[in-house]
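1. okay, sequence plus prediction incoming.
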Amino acid sequence: MFMPRSGLETLKPYSVEEVDWPIKLDANERSTDLPPAVKAKVIENLRALPFNRYPDISALSLKTVIADGFGLTAANVLIGNGSSEILEALCFAFGGAGRSIVYPTPSFSMYGIYVKLADSQPVPVELNADYTLDADKLLTAANQAAASIILLCNPNNPTGTIIPPEQIEYIVANTKSLVVVDEAYHEFYGKSSVDLLGKYTNVAIARTFSKAYGLAAARVGYLLAPEEIAQTIGKVLLPYNVNALTLATAKTVFAMRQEFAASLAENSSERERMTAALSAVSGLTVYPSQTNFLLVKSDNAAALAARLSARGIGVRDFSTAPGLAGCIRIGVGTPAENNAVLEAVTA
Ligand code: PMP
């Protein structure tokens, strides 16, 4: 008789509420479509694409464009079907039975799933009460478990808080584990650990096109890593893992990334405006965010979520998740969407 593989019975499929919210602030996406000039160029390039051919087998053309942007070579870059695929592949390649993978918690909930899918042992390390990281506590846990990977999310989802780059370097310099920095929200923050690639052999950086670059629909992310690490992870990726339409689209967006500067500036000023306005509401605490979302702790999270959903505003309720009691994550939207949030909260 056929049975699921052992371990799968305890895994819950990733599920988010599929509601067509009039104001959708639940998935940390860019709140508007691509800048018009970028969208026009994407469509022009897609029109010229031969749909009958398989994509570049190793996505070389996109890898080269990205590598050039960082002064690296194509051999340092991997392209994934979302950064999700890259993070999972990394666990397959460097995790495995009997190996441990360390990551702070609360953080991106999928880390624990990828670790388990790779038959590895999850070692979550609790963040401090203000969601800062105790680097020595993390290093002790990694050393004790002889972890093969340390996964750090910077800035962190869903807290929005950061790990200062000096602290990341301290971790990289003081461990034998491979330290992977998931910089999915990097563009909203500005600082990066990419420079560590030139100094250390045990570090890799994951990025995505799904957030600041508005390509959540296309599913594409990438990893920057020392050549040997990239080559090893490449072994567990399927051939043609990213389709040609997505590769062409990401290439155009990466080449035109300056076009996103105005929206990033607006996100930053709207985030500060929302942080100040929500912090002034009694019963709410807003954590300092360097992303395109805010983690808001409420005395009555259920009532807050109900007020928002009654006005058609979709947010992510984390109030029952470990380490996030009373917390709701609200995306920073357009100024009009943010005003709607403030009206709902203060009405
Ligand atoms: N890392 C983090 C921290 C995220 O928040 C997300 C998306 N929610 C991802 C990775 C995955 O993004 P994608 O697969 O769309 O690139």
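-> That came through fine.
2. use CA for all of it now, contacts and neighbours both
-> Noted.
3. helices of the stretch 51-200 of the chain, residue ranges please.
-> Ranges of helices in the stretch 51-200 of the chain, per DSSP state H, counting those that start in this stretch, are 60-70, 82-94, 110-117, 135-144, 165-173, 186-189.
4. looking at those, which is nearest to the ligand?
-> helix 82-94 (3.5 Å; C-alpha to the nearest ligand atom).
5. against which helices or strands is the closest one packed?
-> Judged by 3 or more C-alpha pairs under 8 Å, 6 or more residues apart in numbering; DSSP states H and E, helix 82-94 is in contact with strand 77-80, helix 110-117, strand 203-208, strand 221-224, helix 227-234.
6. kindly report the residues of the stretch 1-150 of the chain close to the ligand.
-> Taking C-alpha under 6 Å from any ligand atom as the measure of proximity, the stretch 1-150 of the chain contacts the ligand at 82-84, 108.
7. buried deepest among the helices and strands packed on helix 82-94, which one?
-> strand 77-80 (a mean of 28; mean count of other C-alpha atoms under 10 Å).
8. that strand: how far from the chain's middle?
-> Mean-position distance between strand 77-80 and its chain equals 15 Å (C-alpha atoms, centre = their mean, to the nearest Å).
9. what's in contact with that strand?
-> Under the criterion C-alpha atoms under 8 Å, 6 or more residues apart in numbering, residues 59, 62-63, 66-67, 86, 219-225, 227, 230, 234, 241-242 lie in contact with strand 77-80.
10. identify the residue nearest whichever residue of the stretch 151-300 of the chain sits closest to the ligand in space, chain neighbours excluded?
-> The stretch 151-300 of the chain approaches the ligand most closely through T208 (4.3 Å), counting by C-alpha to the nearest ligand atom. Of all residues not flanking T208 in the chain, G221 sits nearest, at 4.0 Å (C-alpha to C-alpha, 6 or more residues apart in numbering).
11. so who does that neighbour touch?
-> 79-84, 86, 206-210.
12. and G312, by the same measure?
-> G312 neighbours (C-alpha under 8 Å, 6+ apart): 21-23.
13. now for the residue nearest to K116 when sequence neighbours are not counted, how many residues are close by?
-> Distances taken as C-alpha to C-alpha, 6+ apart put P122 closest to K116, at 6.9 Å, once the chain neighbours are dropped. P122 has 19 neighbouring residues, counting by other C-alpha atoms under 10 Å.
14. can you check N28 too?
-> Neighbours of N28 under the rule other C-alpha under 10 Å: 25.
15. mind checking how far it is from A184?
-> 10 Å (C-alpha to C-alpha, to the nearest Å).
16. between those two, which contacts overlap?
-> With C-alpha under 8 Å, 6+ apart as the test, N28 and A184 both reach K211.
17. just the pLDDT at the residue of the stretch 151-300 of the chain closest to the ligand, thanks.
-> On pLDDT, T208 comes in at 98.
18. contacting residues for it?
-> Contacts of T208 by C-alpha under 8 Å, 6+ apart are 82-83, 183-184, 220-222.
19. ok, the residue nearest to K116 touching V102?
-> Yes. Using C-alpha atoms under 8 Å, P122 makes contact with V102 at a distance of 6.3 Å.
20. and V38, what helix or strand is that in?
-> helix 36-47 (DSSP states H and E).
21. and that helix, what other elements does it pack with?
-> Using 3+ C-alpha pairs under 8 Å, 6+ apart: helix 36-47 touches helix 244-255.
22. does the ligand sit close to stretch 316-326?
-> No. Figure legend: stretch 316-326 not in contact with the ligand (C-alpha under 6 Å from any ligand atom); closest approach 11.4 Å.
23. picking up where we left off before, can you redo the contacts of G221 as CSV with distance to M274?
-> Output for the contacts of G221, formatted as CSV (distance: C-alpha to C-alpha, whole Å):
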residue, distance to M274
I79, 34
G80, 33
N81, 33
G82, 29
S83, 28
S84, 29
I86, 33
A206, 28
R207, 26
T208, 25
F209, 25
S210, 23
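24. what is the nearest of these to K12?
-> Distance to K12, by C-alpha to C-alpha, is smallest for S84 among the contacts of G221, at 16.5 Å.
25. for the residue nearest the centre of the chain, give me the pLDDT.
-> What sits nearest the mean C-alpha location of the chain, by C-alpha atoms, centre = their mean, is A184, with 3.4 Å. Per-residue pLDDT puts A184 at 98.
26. next: L11.
-> Per-residue confidence (pLDDT) for L11: 82.
27. which members of the contacts of T208 are the farthest-apart pair?
-> So for the contacts of T208, where distance means C-alpha to C-alpha, the most widely separated pair is E183 and V220, at 13.7 Å.
28. okay, now the domains of this structure?
-> Using automatic domain parsing, the domains assigned to the chain come out as 8-33+260-346, 36-258.
29. ranking those domains by burial, who's on top?
-> Comparing the domains of the chain by mean count of other C-alpha under 10 Å gives domain 36-258 as most buried, with a mean of 19.
30. now render the helices and strands packed on helix 82-94 as JSON lines, adding distance to D317.
-> Output for the helices and strands packed on helix 82-94, formatted as JSON lines (distance: least, C-alpha to C-alpha, whole Å):
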{"stretch": "strand 77-80", "distance to D317": "28"}
{"stretch": "helix 110-117", "distance to D317": "16"}
{"stretch": "strand 203-208", "distance to D317": "23"}
{"stretch": "strand 221-224", "distance to D317": "26"}
{"stretch": "helix 227-234", "distance to D317": "34"}
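31. ok, which of the ones you listed comes nearest S268?
-> Once the helices and strands packed on helix 82-94 are compared by C-alpha to C-alpha, strand 203-208 is nearest, at 18.8 Å.
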